[in-house]
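Participant: sequence? don't have it. structure:
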Ligand code: GLU
């Protein structure tokens, strides 16, 4: 495939959730895999509901996920293109004015349903004479504009769903321009896809019906074969089975970030949930690019399970190498020669990255002694057996060997009190790795029951 051009086209009417992130990632990884281009397009023709702050938040969320657009477009600044396209459609008699009010349309719809007919717009407006229209306009009515569909079977070969078709006769002629002159999503999307030479439209399967309309639009504007390739992916639902929404709170990317979920876990989950690939951690987006394959996506709706994501996030942390977290550690003042051994020692015990703050305190800060009644003498003995520095990863084994020889203790009776004294906790990273980081001075004080 030569250099595909794809786009992710959210309307900035809310913050994105993991389902939207999934669409973004599927497009982005597809572009990367085939050395193509990824466009972020804000579908913001709805001036009332679109907000700059949402657009910004979407950019931030995508940046956090590692999705870097090659180009950012805003439909609100491209209206001249849509005007030109509308003029072209009018000239070809494919765009016609309608004057029905919402109530009139609703009444007709109900009547059709009552008669057992599909509620498809009856094209009554096509029969209006210029005089009828003049009269309606004189009454103060402003037209909205519908695209005249060719009532044919629209076929496409869907990248994900395979051969697909829709009977356009089962669809109403879609409104492209509202009575107040605003463009609805359908026409601008098609015009932009043409203008930016988008080759592949990868989006949720809630857009399948739009695809028939848009293929007709592509052809009306630019001739047969002008439509890009379409791929419609399955949708995610929340744990309770509802769809994820921009308004509801479930699965918001920002909320996942605030909860300490790793961005790479979100990215991995985004492409693995709802596919035949088992959920597994990714340690770079590059890895996900390598593994990416649209053919693995399943056709049915899939649940998004926040607990599963949290587990994946922890597993991701457990395998991240030092280079990929060096800067994030520096933010918490974990720097210098000890930074890498510290990371390798603690990563396996992290649930979220911020847990490093806790472990940093254990190795570099001060901890309160955890009382261990009855163990004082044993710990005193252990303190006396501490070897001189320098400590390395063999020190723990040598030291506890000495302590065993002196006290006759072994197993948990030997190791557990030492762990609690040295770290203040019951569980944690390998002490062989921690002890050199804690150092002799602190170790000795803590074994003697002093805060250090
Ligand atoms: N703005 C549309 C949406 O958010 C874009 C759909 C498309 O990709 O064409 O659903």
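Facilitator: All right, it came through fine. All of these numbers come straight from a predicted model, not from anything done at the bench. Residues are numbered from 1 along each chain as shown.
Participant: Could you check the pLDDT of the nearest residue in space to residue 390 that is not next to it in sequence?
Facilitator: Among residues not flanking residue 390 along the chain, residue 436 sits closest, at 7.9 Å (C-beta to C-beta, 6 or more residues apart in numbering). Every residue, glycine included, has its C-beta placed from N, CA and C. Residue 436 is assigned 97 on the pLDDT scale.
Participant: Then residue 242?
Facilitator: Looking at residue 242, the pLDDT reads 75.
Participant: Quick check: it vs the ligand, distance?
Facilitator: 17 Å (C-beta to the nearest ligand atom, to the nearest Å).
Participant: Check residue 282 too.
Facilitator: 25 Å.
Participant: try residue 120
Facilitator: 23 Å.
Participant: cool, residue 410 as well?
Facilitator: 63 Å.
Participant: Kindly report the same for residue 359.
Facilitator: 42 Å.
Participant: correct me, but that residue touches residue 424?
Facilitator: No: taking contacts as C-beta atoms under 8 Å, residue 359 lies outside contact range of residue 424: 11.1 Å.
Participant: Of those two, which one has the most company?
Facilitator: residue 359 (24 against 16; other C-beta atoms under 10 Å).
Participant: Once you drop chain neighbours, what's closest to that one?
Facilitator: Residue 359 sits nearest to residue 346 (C-beta to C-beta, 6+ apart), 4.3 Å away.
Participant: Outside of the strand or helix carrying that neighbour itself, list whatever touches it.
Facilitator: Taking DSSP states H and E as the definition, residue 346 sits inside helix 339-346. Helix 339-346 has contacts (C-beta atoms under 8 Å, 6 or more residues apart in numbering) with 322, 325-326, 329-330, 334, 355-356, 359-360, 363, 429-430, 433-434, 436-437.
Participant: Mean confidence (pLDDT) on it, please.
Facilitator: The model assigns helix 339-346 a mean pLDDT of 98.
Participant: contacting residues around the most far-flung residue of the chain relative to its centre?
Facilitator: What lies farthest from the middle of the chain is residue 406; by C-alpha atoms, centre = their mean that is 56.6 Å. By C-beta under 8 Å, 6+ apart, the contact set of residue 406 is 381, 385.
Participant: Get me the contact residues on the stretch 101-250 of the chain for the ligand.
Facilitator: Neighbours of the ligand within the stretch 101-250 of the chain, by C-beta under 6 Å from any ligand atom: 185, 189, 201, 203, 207.
Participant: so the first one makes contact with residue 11?
Facilitator: Just to be clear, that refers to residue 185. Yes: with contact defined as C-beta under 8 Å, residue 185 counts as touching residue 11 (7.2 Å).
Participant: Could you tell me which residues touch both of the two?
Facilitator: 43, 46.
Participant: Residue 383 in helix, strand or coil?
Facilitator: helix (DSSP: H, G, I helix; E, B strand; the rest coil).
Participant: Pull up the gap between it and the ligand, please.
Facilitator: Distance, residue 383 to the ligand, using C-beta to the nearest ligand atom: 64 Å.
Participant: wait, what's in contact with that residue?
Facilitator: Contacts of residue 383 (C-beta under 8 Å, 6+ apart): 443-444, 447-448.
Participant: ok, the residue lying closest to it once chain neighbours are set aside to residue 403 distance?
Facilitator: Excluding its sequence neighbours, the residue lying closest to residue 383 (C-beta to C-beta, 6+ apart) is residue 447, at 3.8 Å. From residue 447 across to residue 403, the span is 10 Å (C-beta to C-beta, to the nearest Å).
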